[in-house]
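Novice: Sequence and predicted model, in that order:
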Amino acid sequence: MNDFFRLESLVMQFGGLTAVKDFSLSIEPGELVGLIGPNGAGKTTVFNMITGFLTPTSGRVLWQGEDITGLSVHQITARGIARTFQNIRLFSDMTVLENVMVSFHHKVRSRFWKAMLGLPSHGKEERRIRQESYRFLQELNLGHLADEKAGNLAYGQQRRLEIARALATYPKLLLLDEPAAGMNPQETMELADLVLEIRQKHALTIFLIEHDMKFVMGLCERIKVLDYGISIAEGTPEEIQSNPDVIKAYLGEPKHA
Ligand SMILES: Nc1ncnc2c1ncn2[C@@H]1O[C@H](COP(=O)(O)OP(=O)(O)OP(=O)(O)O)[C@@H](O)[C@H]1O
């Protein structure tokens, strides 16, 4: 049993639908774990329960020895868990740099908010946030686009910007929801390298959802498989690829096979 990050028997019901049934998982510090499964299997619902977007019907989310089940999104972010979204959530009329700067809000004293509102006494803090935000953009190969409107970025670039924004909350655990969706094979390959680089650089633990099997199998050390809300397998990429239950679940969904 580890005390770093543990999900205990999570259940999520929406009216008559049980989207996630008895989901348990432990992740060790520094691990890179994948969550896969056909469409509607309950993957995003698991992320929503971890990050406070949904309160589980039952079960517990334990983080660094603390029960964080049912805490708000803000409280969970402040404890060092950040995420990206399957449907990109950027401020498309703001610049790429400003999108990252906004992520600092939970860390930063009211001085910064005075700054954003145009009130005095902000100069130094704002400069620091600007510099750090730019550094995150550079790490995600987006430095040259800092002054571009986020809405003008190509899809793959927007996905990387989402990661930069998540990093700007200084997480220990990063949840990525379909980070390679909509990327071409070249971009996907580059993303895999970037994920490894940021893990190393920021001492991150990473839990990711992805449909791109090549990406998941090449990148993750351990994989959990959901089907109809039920965890049907857990193991190394090799074990998962040869697991008959997993093969059956995916053969029923030819588009992911
Ligand atoms: N807020 C909600 N209210 C009602 N039903 C929901 C809600 N969120 C998810 N569901 C349902 O729960 C089930 C699991 O959805 P979820 O989005 O977690 O699946 P997923 O594995 O992430 O799917 P995909 O791969 O398509 O993103 C689906 O049947 C979905 O329609």
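Specialist: Perfect, thanks for sending it.

Novice: When you work out contacts or count neighbours from here on, use the C-alpha atoms and nothing else.
Specialist: Fine.

Novice: Show the average pLDDT along stretch 206-213.
Specialist: In this model, stretch 206-213 has a mean pLDDT of 96.

Novice: neighbouring contacts of it?
Specialist: Contact with stretch 206-213 is made by 30-37, 43-44, 173-181, 199, 216, 256, as judged by C-alpha atoms under 8 Å, 6 or more residues apart in numbering.

Novice: Distance of Ala146 relative to the ligand?
Specialist: 30 Å (C-alpha to the nearest ligand atom, to the nearest Å).

Novice: my bad, should have said Phe91
Specialist: Counting by C-alpha to the nearest ligand atom, the separation of Phe91 from the ligand is 22 Å.

Novice: what's near enough to touch that residue?
Specialist: Asn99, Ala150, Gly151.

Novice: Which parts of the protein are strands?
Specialist: When secondary structure is read from DSSP state E, the chain shows strands at 5-14, 17-27, 32-36, 58-63, 66-67, 81-83, 173-177, 205-209, 222-227, 230-235.

Novice: could the ones you listed be laid out in TSV, adding distance to Leu161?
Specialist: Below are these laid out as TSV (distance: least, C-alpha to C-alpha, whole Å):
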stretch	distance to Leu161
strand 5-14	26
strand 17-27	26
strand 32-36	20
strand 58-63	26
strand 66-67	30
strand 81-83	12
strand 173-177	12
strand 205-209	16
strand 222-227	25
strand 230-235	30
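
Novice: Any chance of JSON lines for those, columns distance to the ligand and mean neighbour count?
Specialist: Supplementary listing: the strands of the chain in JSON lines, determined by distance: least, C-alpha to the nearest ligand atom, whole Å; neighbours: other C-alpha atoms under 10 Å:
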{"stretch": "strand 5-14", "distance to the ligand": "5", "mean neighbour count": "19"}
{"stretch": "strand 17-27", "distance to the ligand": "4", "mean neighbour count": "17"}
{"stretch": "strand 32-36", "distance to the ligand": "8", "mean neighbour count": "25"}
{"stretch": "strand 58-63", "distance to the ligand": "15", "mean neighbour count": "20"}
{"stretch": "strand 66-67", "distance to the ligand": "22", "mean neighbour count": "13"}
{"stretch": "strand 81-83", "distance to the ligand": "14", "mean neighbour count": "25"}
{"stretch": "strand 173-177", "distance to the ligand": "8", "mean neighbour count": "24"}
{"stretch": "strand 205-209", "distance to the ligand": "8", "mean neighbour count": "23"}
{"stretch": "strand 222-227", "distance to the ligand": "8", "mean neighbour count": "22"}
{"stretch": "strand 230-235", "distance to the ligand": "11", "mean neighbour count": "18"}
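
Novice: closest to Asn141 out of those strands?
Specialist: strand 173-177 (17.6 Å; C-alpha to C-alpha).

Novice: hmm, who's touching the closest one?
Specialist: 44, 47, 80-86, 163, 166, 204-210.

Novice: shaky segments in this structure?
Specialist: Across the chain, residues meeting the criterion (pLDDT under 70) sit at 1, 105-122, 251-257.

Novice: Domain parsing of it, as residue ranges.
Specialist: The chain resolves into domains spanning 1-80+171-257, 94-166 when parsed by automatic domain parsing.

Novice: start to end distance for the last one?
Specialist: By that I understand domain 94-166. 17 Å (C-alpha to C-alpha, to the nearest Å).

Novice: How far does it sit from its chain's centre?
Specialist: 18 Å (C-alpha atoms, centre = their mean, to the nearest Å).

Novice: interface residues of this structure facing the ligand?
Specialist: Phe14, Ala19, Pro38, Asn39, Gly40, Ala41, Gly42, Lys43, Thr44, Thr45 (C-alpha under 6 Å from any ligand atom).
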